[in-house]
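**Q** show me how the following folds:
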Amino acid sequence: MAEFTGERVIPGQVEPDLWNEHLARYAFAARLAAKCRVLDAGCGAGYGSAALARTAACVLGMDVSAEALLAARERYAGPSVRFLQGSCAALPLRDASVDLLVAFEVIEHIAEWRQFLAEARRVLAPGGHFVVSTPNKLYYAETRRLSGPNPYHVHEFDFDEFSSRLSELFPHVTLFVQNHAAGVAFHPASPPFADEASACLEDRATDPAGAHFFVAVCSAEAQPAPSSFIYLPRAANVLREREQHIEQLDAEIATKTAWLDELCAEKQKMVDMFRQQTAELERSNEWAAELNEKLRAAQQRIVQLQEELAQTIAGFQAQVGELEGENRKKTEWALKVQADLDAKGADLLNCIRLLDAAEQTVQERTAWALRLDAELKDLENTLNLIRASRWIKLGRAVGLGPVLEQG
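**A** Below you'll find the model as predicted:
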């Protein structure tokens, strides 16, 4: 079975009011379906096609959803009802092949709604009827002001636009408004039952702007004067249904109250946690403020040190300048001294060369003196030998020979 998503009606999965408003539209159209070839465009789960088939010659239910058609075939397919997958923008039917075409709550879902209206005009046989419904844009927007626009709706219509767009293609358009109405029903308690039911309408005035749905009967030929149609669901008892609805609401309220209590308990936990975190945050803020104060003091100290450093650097630079001046002077003095030293060194070298030459001369003269001294000693020795010679002594004794002086 297909799942009810909140948009496509699934039998047994919707609340009574929603179910009855959909069935009422098919009951409204069934008056035109007797012995007709019927197309139910956007048939969904197929319950409407089956309702029309009770009096129609044949009914074709068509939808774009393969899942919906599978459920429809399993539950409602029969000799006079078949189902086909297709698009409303390109109906898979011959021209003038349909006596009654119904499209309930479909047109607002179709981006190509203009093509759909043209296709409806094409397949409708002479004397046939096109019955189409759509929510009232103004009423629908008001009911969804909190939940927001319906994500399944592509284009919604107000009364004037719906009427004018249909009249562009169909010469005769009769518009109805569909609303839930409060009433009092009288049913026979036991058979026999008459086939017809009478109705007493106190007020037939309608306000299209405040209507819930619009239902249009379109045709190429003139239509009889329209009459009101009242759909009374089987065993309808509005008060009993409201009481059951109230019971359901009470149960939902009890559930939500319990849920709310849990949320309140969770909220209290969150509040306590928030307070604890706030206290921790305050302590952290105090710690951060203290750190900021220390940081400001450190920054001030840094600025002070930077100023002192700048002064020190300036002093150093001044001293360096003075030292550089003194260094230049000393360098000039050193260069001068070096030049003087170089000059004196040259003089010294010259003196050394002269001393070397003098020393060489002294050495030579010393050697010459030593040779003379040696020669002198040799001569003295020779002279001493001569003095000591017997011949010399004999010659002196006789008065002959040289007289040798004693040295």
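
**Q** contacts, neighbours, all on C-alpha from now
**A** Noted.

**Q** part of a helix, is residue 174?
**A** No - per DSSP: H, G, I helix; E, B strand; the rest coil, residue 174 lies outside any helix segment and is strand.

**Q** who does it form a beta bridge with?
**A** Residue 174 has the following beta-bridge partners by DSSP bridges: residue 217.

**Q** could you do residue 130 as well?
**A** residue 101, residue 218.

**Q** for stretch 210-225, the distance to its chain's centre please.
**A** 49 Å (CA atoms, centre = their mean, to the nearest Å).

**Q** cool, and stretch 191-202?
**A** Distance, centroid of stretch 191-202 to centroid of chain: 64 Å (CA atoms, centre = their mean).

**Q** dump that stretch to CSV, restricted to CA.
**A** Extracted as CSV, the C-alpha positions of stretch 191-202 are listed here (Å, rounded to 0.1, in the frame of the first residue of the first chain):
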residue,chain,number,x,y,z
PRO,A,191,-36.5,0.9,5.8
PRO,A,192,-38.1,1.4,3.4
PHE,A,193,-35.9,4.3,2.2
ALA,A,194,-36.6,6.6,-0.7
ASP,A,195,-34.0,7.0,-3.4
GLU,A,196,-34.2,10.8,-3.3
ALA,A,197,-33.4,13.1,-0.4
SER,A,198,-34.7,16.6,-0.1
ALA,A,199,-32.8,19.6,1.2
CYS,A,200,-33.7,23.0,2.6
LEU,A,201,-31.0,25.6,1.9
GLU,A,202,-31.5,28.6,4.2
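
**Q** contact partners for residue 33?
**A** 52, 55, 56, 100 (CA atoms under 8 Å, 6 or more residues apart in numbering).

**Q** with respect to residue 290, which of those is nearest?
**A** Nearest to residue 290 among the contacts of residue 33: residue 52, at 83.3 Å, using CA to CA.

**Q** count the neighbours of the residue nearest to that closest one when sequence neighbours are not counted for me.
**A** Distances taken as CA to CA, 6 or more residues apart in numbering place residue 30 nearest to residue 52, at 5.5 Å, with adjacent residues excluded. Each residue near residue 30 was counted by other CA atoms under 10 Å, and the total is 19.

**Q** can you pull the contacts of residue 30?
**A** Taking CA under 8 Å, 6+ apart, one finds 51, 52, 55 in contact with residue 30.

**Q** show me which of those are buried.
**A** Using 16 or more other CA atoms under 10 Å as the burial test, the contacts of residue 30 include 51, 52, 55 as buried.

**Q** what about the residue nearest to residue 52, distance to residue 136?
**A** 23 Å (CA to CA, to the nearest Å).

**Q** cool, and residue 47?
**A** According to CA to CA, residue 47 stands 24 Å off from residue 136.

**Q** name the SS class of the residue positioned nearest the centre of the chain, please.
**A** Taking CA atoms, centre = their mean, the centroid of the chain lies closest to residue 151, which sits 22.9 Å from it. Following three-state DSSP, residue 151 is assigned to coil.

**Q** residue 61 belongs to a helix?
**A** No - judged by three-state DSSP, residue 61 forms no part of a helix; its state is strand.

**Q** can you point me to the longest helix in this protein?
**A** helix 238-388 (DSSP state H).

**Q** mean confidence for it?
**A** Helix 238-388 carries an average pLDDT of 83.

**Q** that helix: how far from the chain's middle?
**A** The answer for helix 238-388 is 50 Å, by CA atoms, centre = their mean.

**Q** stretch 388-395 now?
**A** Remark: stretch 388-395 is offset 149 Å from the chain centroid, using CA atoms, centre = their mean.

**Q** got the CA positions of it in CSV?
**A** Extracted C-alpha coordinates of stretch 388-395, given in CSV (Å, rounded to 0.1, in the frame of the first residue of the first chain):
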residue,chain,number,x,y,z
ALA,A,388,170.4,32.1,21.6
SER,A,389,172.5,30.9,18.7
ARG,A,390,176.2,30.1,19.5
TRP,A,391,177.3,31.9,16.5
ILE,A,392,175.6,35.1,17.4
LYS,A,393,176.9,34.9,20.9
LEU,A,394,180.4,34.1,19.5
GLY,A,395,180.2,37.0,17.0
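
**Q** now residue 23: which helix or strand?
**A** Secondary structure assignment for residue 23, by DSSP states H and E: helix 16-30.

**Q** who are the packing partners of the next helix or strand after that helix?
**A** Once helix 16-30 ends, the next helix or strand along the chain (criterion: DSSP H and E) is strand 37-41. Contacts defined by 3 or more CA pairs under 8 Å, 6 or more residues apart in numbering; DSSP states H and E place strand 37-41 against helix 47-52, strand 58-63, strand 98-104.

**Q** mind checking which of these is nearest residue 383?
**A** Residue 383 sits nearest to strand 58-63 of all the helices and strands packed on strand 37-41, at 171.5 Å, using CA to CA.

**Q** residues contacting the very next helix or strand once past that closest one, please?
**A** Using DSSP H and E, the next helix or strand after strand 58-63 towards the C-terminus is helix 66-76. The contact list for helix 66-76 (CA under 8 Å, 6+ apart) reads 1-2, 44-47, 50, 62-63, 82-85.

**Q** the residue nearest to residue 52 and residue 49: what is the separation?
**A** To residue 49, residue 30 is 10 Å away according to CA to CA.

**Q** and if you look at residue 275?
**A** Using CA to CA, one obtains 63 Å as the distance from residue 275 to residue 49.
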